[in-house]
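Asker: Fold the following, please.
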Amino acid sequence: MKRILIALGLAVAASAAISSPVMAEKPGHMAVRNELYLNSVSYDPKRDPEADLKVAIEKAQADKKRILLDVGGEWCSWCHILDDYLASNKGVGDAFAASFVIVKVNWSPDNKNAAFLSKYPKVDGYPHFFVLSSSGKLLSNQPTSPLEQGESYNRERMLKFAKAWAHD
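Answerer: Reported below is the predicted structural model:
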């Protein structure tokens, strides 16, 4: 009986965290921090990345940040691991939020965003980062695999990445 009550208490606590104003639930994994992403907490094939980039440029210039294009899809397990990692590792999530205006760009069979992504180097795996200046100029082309460790991400490498690109 005690185990059931503890489990119920954890479920209630998790439910409260998900309903927090800075968290949004994504099916199949933990809550994602809304303030991390400019456009969406999911890789939405219906979004217009050109329009999202225009808004990101305005926000990045106003906030003196760089832009991080996070290319991936809802089908991508490592994309969900990345979202979960940034949500559950507040220090790393905060470093990313301080350095970047993050724009999710969908790549999926439904919408490969080929015209938009043709402006950038070829992507060989997902998720994939493109770091842009606040004016939208490509600064770096970064696969996320060097940031991984085991079945998650490496805290020091993630912090180093975010801090390396801080301030425009």
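Asker: what about the closest residue to S134 other than its chain neighbours, is that helix, strand or coil?
Answerer: Leaving out its chain neighbours, the residue that sits closest to S134 by CB to CB, 6 or more residues apart in numbering is A60, at 3.9 Å. For the C-beta atoms, the positions are set from N, CA and C on the backbone; glycine is no exception. Put simply, A60 is helix when judged by DSSP: H, G, I helix; E, B strand; the rest coil.
Asker: again, but for F129
Answerer: Under three-state DSSP, the three-state class of F129 is strand.
Asker: Any chance of the backbone angles for the closest residue to it other than its chain neighbours?
Answerer: Leaving aside its chain neighbours, F129 sits nearest to Q142 (4.1 Å; criterion: CB to CB, 6+ apart). Main-chain dihedrals, Q142, degrees, to the nearest 10: phi -130, psi 110.
Asker: Tell me how far the closest residue in space to A97 that isn't next to it in sequence lies from C76.
Answerer: With CB to CB, 6+ apart as the criterion, A97 has its nearest non-adjacent residue at 5.5 Å, and that residue is L36. According to CB to CB, to the nearest Å, L36 and C76 sit 17 Å apart.
Asker: Give me the more crowded residue out of those two.
Answerer: L36 (21 against 18; other CB atoms under 10 Å).
Asker: give the contact list for the more buried one.
Answerer: L86, A87, G93, F96, A97, I102 (CB atoms under 8 Å, 6 or more residues apart in numbering).
Asker: From the chain's centroid, how far away is the helix or strand K160 falls within?
Answerer: Using DSSP states H and E, K160 falls within helix 155-164. Here helix 155-164 shows a centroid-to-chain-centroid distance of 14 Å under the convention CA atoms, centre = their mean, to the nearest Å.
Asker: Check which helices and strands it sits against.
Answerer: helix 90-99 (3 or more CB pairs under 8 Å, 6 or more residues apart in numbering; DSSP states H and E).
Asker: Looking at the helix it packs on now, give me its mean pLDDT.
Answerer: Helix 90-99 shows a mean pLDDT of 95.
Asker: For whatever helix or strand comes next after it, give me every contacting residue.
Answerer: Scanning forward in sequence from helix 90-99 by DSSP H and E, the next helix or strand is strand 100-106. Here strand 100-106 makes contact (CB under 8 Å, 6+ apart) with 36-45, 47, 49, 52-53, 56, 59-60, 63, 65-74, 96, 113, 116-117, 131, 162, 165.
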